[in-house]
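Asker: kindly return the folded structure for what I paste below:
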Amino acid sequence: MDKKLMEDSERIQKLWDRIDFIEDPDSFSYHQFFHKYMLGNTPCLFSSKFTKTWGSREFWVTADNKPNWDHLLQNFGEAIVPVANCDVKAYNSNPKEHIPLREYIAYWREYTENDSQSPRGCLYLKDWHMQREYPDHNVYETPSYFSSDWLNEYWDAIAVDDYRFVYMGPAGSWTPFHADVFRSYSWSANICGRKKWLLFPPGQEDFLRDSQGNLPYDVTSPSLQEPTVYPNYQRCCPPLEVTQEAGEIIFVPSGWHHQVYNMIDTISINHNWVNGCNVAVMWRFLQAELSAVQREIGEWKDTMEDWDQHCQVIMKSCSGIDYTEFYSFLKTIALRRVEALQTSHNNAVTGDRMAPGPRHALFDLKKITSILSSLIADQDFQKVDPKTLDPPPELLLQQLEETMRQKSCM
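Answerer: Residues are numbered from 1 along each chain as shown. Now for the predicted structure:
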């Protein structure tokens, strides 16, 4: 084993003793979270003190820590929500249908009363964009530690989508093995209930691939013990197992594959997000996604007109973004940071130790210019129609570098 693998193995082993538990909001700063957990790409768990003022903790939960179905019906009963069937596997995930929330809650009540049995199977409400649909409800506030959120900042700016979700499910509902979209960070807060998380650090998932290179659907399946099917399973470390109680928030770092179970009736709120600490991970993921598409349809490269553009279209349909939109994403965040620096009176850290300040904006610009330089040099990006890129990437890069020079001299 080489030195780096030994160091990674030792770091991973230390995590297995415990996950860091952040108890007190008043003594834990944004600076601490930034350096130890975001830059360190290390998970942690926040106590229920961080969510005690949320409206959802007061109104969505009964006195005995169960979902307040009556309140949810009264306020959101007509909402159309996505519901997954945990008992059915379809392409390494669960098939979804969209039904009114009132219908789901009626099912949930019946499922619970019938000892977790239903002819419809175990249904799990997942990925409901509740915040987007009901922005005026006092449901929760994003903790300042997670406030540098480029994904939602960008998609809010173009008013197309967001990565803020509500999950609701009975005991036994679960999410199969996966890593989050774009290899983003995620945070998940339990409004009520209890979850069990099985977490694997980046790179460990490769030991869980089968002989065809596919990741497992369920990492607890006995089939993983079959060496002819999963030849490297014995090399994988055991998962970091975390129990998350009501009110607690878990931080899941970039590229950590995980599997999640609701141990009792549970409601949670989840965000996916990217910022300067992990945008390089997102860029590497997109490069890998495009390479996979190119391999998949490589046999038609010489006969298909606009083959490169077809690859971008397929990539976007699979991953949700292509190189043109990734450039737009970087540009939007960069120009907002330029504006923030131009309107700030100094380059010092703000007095608010719980939030990012001007230095963070400069940090963001440095990370964006690094990724933008790599993007400009990328051969596949060079084949993107330049008419879709405004301003030209080289011009944007010059502008960002000039802004950083000016601020560095202040």
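
Asker: tell me which stretches of this protein form helices.
Answerer: Taking DSSP state H to define them, one finds helices in the chain at 3-15, 30-33, 55-59, 69-76, 101-113, 130-133, 150-158, 279-296, 307-319, 323-343, 358-377, 393-408.

Asker: could you dump these into a markdown table with mean pLDDT, mean neighbour count and distance to Asp87 added?
Answerer: In this view, the C-beta of every residue, glycine as well, is placed from N, C-alpha and C. Formatted as a markdown table, those follow (pLDDT from 0 to 100; neighbours: other Cβ atoms under 10 Å; distance: least, Cβ to Cβ, whole Å):
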| stretch | mean pLDDT | mean neighbour count | distance to Asp87 |
| --- | --- | --- | --- |
| helix 3-15 | 54 | 11 | 32 |
| helix 30-33 | 95 | 18 | 38 |
| helix 55-59 | 97 | 17 | 28 |
| helix 69-76 | 97 | 16 | 22 |
| helix 101-113 | 97 | 17 | 12 |
| helix 130-133 | 96 | 17 | 25 |
| helix 150-158 | 95 | 18 | 31 |
| helix 279-296 | 97 | 17 | 30 |
| helix 307-319 | 95 | 17 | 25 |
| helix 323-343 | 95 | 19 | 35 |
| helix 358-377 | 94 | 19 | 41 |
| helix 393-408 | 92 | 15 | 47 |
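
Asker: nearest to Ser254, of the ones you listed?
Answerer: Closest of those to Ser254 is helix 279-296, at 4.5 Å (criterion: Cβ to Cβ).

Asker: only alpha carbons, please: show that closest one as CSV.
Answerer: Output of helix 279-296 as CSV, limited to C-alpha atoms (Å, rounded to 0.1, in the frame of the first residue of the first chain):
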residue,chain,number,x,y,z
VAL,A,279,-16.7,23.0,-7.1
ALA,A,280,-13.6,21.2,-8.4
VAL,A,281,-15.3,17.9,-7.4
MET,A,282,-18.4,18.9,-9.4
TRP,A,283,-16.1,19.7,-12.4
ARG,A,284,-14.4,16.3,-12.3
PHE,A,285,-17.7,14.6,-12.0
LEU,A,286,-19.0,16.4,-15.1
GLN,A,287,-15.9,15.4,-17.0
ALA,A,288,-16.3,11.8,-16.0
GLU,A,289,-20.0,11.9,-17.0
LEU,A,290,-19.2,13.2,-20.5
SER,A,291,-16.4,10.6,-20.9
ALA,A,292,-18.9,7.9,-20.0
VAL,A,293,-21.4,9.2,-22.7
GLN,A,294,-18.6,9.4,-25.3
ARG,A,295,-17.6,5.8,-24.6
GLU,A,296,-21.3,4.7,-24.8
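
Asker: show me the contact partners of that helix.
Answerer: For helix 279-296, contacts defined as Cβ atoms under 8 Å, 6 or more residues apart in numbering pick out 150, 182-184, 254-255, 274, 301, 311-312, 314-315, 318-319, 321, 323, 326, 330, 367-368, 370-371, 374-375, 378, 380.

Asker: thinking again about what came up before, closest one to Glu248 among the helices of the chain?
Answerer: Going by Cβ to Cβ, the one of those nearest Glu248 is helix 55-59, 11.2 Å.

Asker: contact partners of that closest one?
Answerer: Identification of contacts with helix 55-59 by Cβ under 8 Å, 6+ apart yields Thr51, Asn68, His71, His137, Asn138, Val139, Tyr140, Ile191, Gly247, Ile267, Ile269.

Asker: just among those residues, which is most surrounded?
Answerer: For the contacts of helix 55-59, counting by other Cβ atoms under 10 Å, the largest number of neighbours falls to Ile191: 27 neighbours.

Asker: dig out what the nearest residue to that residue once chain neighbours are set aside forms beta bridges with.
Answerer: Residue nearest to Ile191 in three dimensions, not counting chain neighbours: Ile267, with 4.3 Å by Cβ to Cβ, 6 or more residues apart in numbering. Residues in a beta bridge with Ile267, per DSSP bridges, are Met168, Cys192.

Asker: which residues does Ile267 contact?
Answerer: Ser56, Trp60, Val61, Pro67, Val166, Tyr167, Met168, Asn190, Ile191, Cys192, Gly193.

Asker: many thanks, we can stop here.
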